[in-house]
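J.: sequence unknown, structure follows:
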């Protein structure tokens, strides 16, 4: 590699990049997001420009990596792979203003995840906002992307009556908070599980459950007792949402949605508003989680309900996209591959 004939302007280009790195060092530590992202964009922009106009192939990138690491031995981030990532950054975001306005809100590693896993720019911006709001670690961001949070949180198929039962600002936030479906793949349930089994497992795995519910949920209790008219009633799960400033009543159903479920949840919300809600709290909100729902039936059930309720399905196993099912090996193919490997030994 060291004997390769380099482009005539290589030395000048190397000096230009070295000077930019030194300037970035003077402005701030490289760990500061804005200066780091700006530096990476500048380097990536030079590489893209040279690639488009000169014979700057993979070999030159490898050499550039070696020279930068030799010049700045105490600074990480100048591997050939990361230089290609910088080039990808510019190819994805040709306008450097986005570095200051959007990308610098999250770390370089978070940005790499989004570039590699999310193709739509608006979807990336949505995930960036969620990272900032919720303080997601890189692993949490990957989890949310792989489980399609954007689609589940922004779908127009959500079933609720928030616009007519809540003030505009609270309605918008409640709508953003609601998902459909909710994914409970962290649960281990028998095939004939009951509502109590589902509730037990969700409480047992409350950390994962809260992550799936989203930021702002605080767990108040299970089978929360209310006395109304001298009789005892028990809410499946009760939460308080810190941003909405509302109690959230969650009812679980292991069957398909039935209209009477909404009526009972409406009753619970009236009781919570009367017994628990204070003047500092906003109206309580209900979330009904069913194994299945007919959207038309659910919308009719909410039509004349005067309390804010959202109706969503839940899934215990993440479904496999149809276009991937045909690519999965059959049991016979797996067994045959194992036999072949054993015979090779």
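T.: That came through, no problem. No experiment lies behind these values; they were computed from the predicted model shown. Numbering: from 1, shown residues only.

J.: can you give me the helices for the stretch 201-345 of the chain?
T.: Listed in chain order, the helices of the stretch 201-345 of the chain (DSSP state H, counting those that start in this stretch) span 206-213, 259-275, 295-302, 322-325, 331-344.

J.: which ones are touching residue 153?
T.: 176, 178, 179, 214 (C-beta atoms under 8 Å, 6 or more residues apart in numbering). All C-beta atoms are positioned from the backbone trio N, CA, C, and that covers glycine.

J.: So it: helix, strand or coil?
T.: Using DSSP: H, G, I helix; E, B strand; the rest coil, the structure places residue 153 in helix.

J.: Next, count neighbours for residue 135.
T.: Residues lying near residue 135 (other C-beta atoms under 10 Å) number 9.

J.: again with residue 272
T.: Number of residues near residue 272 (other C-beta under 10 Å) recorded here: 24.

J.: That one and residue 226 touch, don't they?
T.: Yes - in this structure residue 272 lies within contact range of residue 226 using C-beta atoms under 8 Å: 7.2 Å.

J.: Quickly list what's touching both of those two.
T.: Residues touching both residue 272 and residue 226 (C-beta under 8 Å, 6+ apart) are residue 235.

J.: Check the spacing between residue 13 and residue 131 real quick.
T.: Counting by C-beta to C-beta, to the nearest Å, the gap from residue 13 to residue 131 is 34 Å.

J.: for residue 137, same thing?
T.: For residue 137, the distance to residue 131 - C-beta to C-beta - is 9 Å.

J.: more crowded one of those two?
T.: residue 131 (22 against 13).

J.: Contacts only, for that one.
T.: When contacts are counted by C-beta under 8 Å, 6+ apart, residue 131 touches 105, 106, 110, 141.

J.: same check, this time on residue 312
T.: When contacts are counted by C-beta under 8 Å, 6+ apart, residue 312 touches 158, 159, 178, 179, 180, 181, 182, 287, 288, 289, 290, 293.

J.: List just the nearest of these to residue 50.
T.: residue 179 (45.3 Å; C-beta to C-beta).

J.: what about that closest one, which SS state?
T.: coil.

J.: so it makes contact with residue 214?
T.: Yes - here residue 179 reaches residue 214: they are 7.4 Å apart, a contact under C-beta under 8 Å.

J.: Comparing the two, which residue is more hemmed in?
T.: The residue with more neighbours, out of residue 179 and residue 214, is residue 179; 23 against 20, by other C-beta under 10 Å.

J.: separation between that one and residue 312?
T.: With distances taken as C-beta to C-beta, residue 179 is found 6 Å from residue 312.

J.: which residues are common contacts for these two?
T.: Joint contacts of residue 179 and residue 312 (C-beta under 8 Å, 6+ apart) are residue 158.

J.: Can you give me the end-to-end span of stretch 97-116?
T.: End-to-end distance of stretch 97-116 (C-alpha to C-alpha, to the nearest Å): 21 Å.

J.: actually stretch 189-200, not the one I wrote
T.: Note: stretch 189-200 ends 10 Å apart using C-alpha to C-alpha.

J.: Can you get me a residue count around the nearest residue to residue 21 once chain neighbours are set aside?
T.: Leaving out its chain neighbours, the residue that sits closest to residue 21 by C-beta to C-beta, 6 or more residues apart in numbering is residue 72, at 6.2 Å. Look at residue 72: counted by other C-beta under 10 Å, it has 16 neighbours.

J.: do residue 183 as well
T.: Neighbour tally, residue 183, other C-beta under 10 Å: 19.

J.: Next up, the contacts around it.
T.: 147, 152, 212, 314, 315, 318.

J.: which two from the residues you listed end up farthest apart in space?
T.: Based on C-beta to C-beta, the longest span within the contacts of residue 183 runs between 147 and 314 and measures 12.8 Å.

J.: Neighbour count for those two, which is higher?
T.: Counted by other C-beta under 10 Å, residue 147 and residue 314 do not tie: residue 314 has more neighbours, with 21 against 14.

J.: got the phi/psi numbers for the nearest residue to residue 7 once chain neighbours are set aside?
T.: Nearest residue to residue 7, sequence neighbours excluded (C-beta to C-beta, 6+ apart): residue 54, at 5.2 Å. Backbone torsions of residue 54, given as degrees, to the nearest 10, read phi -130, psi 180.

J.: Can you give me the separation between residue 54 and residue 86?
T.: Distance, residue 54 to residue 86, using C-beta to C-beta: 17 Å.

J.: neighbour-wise, which of these two wins?
T.: residue 86 (24 against 14).

J.: so that one touches residue 44, yeah?
T.: Yes - using C-beta under 8 Å, residue 86 is in contact with residue 44, at 3.4 Å.

J.: What is the neighbour count of the residue nearest to residue 51 when sequence neighbours are not counted?
T.: The shortest distance from residue 51 to any non-neighbouring residue, by C-beta to C-beta, 6+ apart, is to residue 87 (7.2 Å). Using other C-beta under 10 Å, residue 87 is surrounded by 21 other residues.

J.: helices or strands up against the helix or strand harbouring residue 87?
T.: Residue 87 is located in helix 80-92, with elements delineated by DSSP states H and E. Judged by 3 or more C-beta pairs under 8 Å, 6 or more residues apart in numbering; DSSP states H and E, helix 80-92 is in contact with helix 33-53, helix 58-71, helix 108-117.
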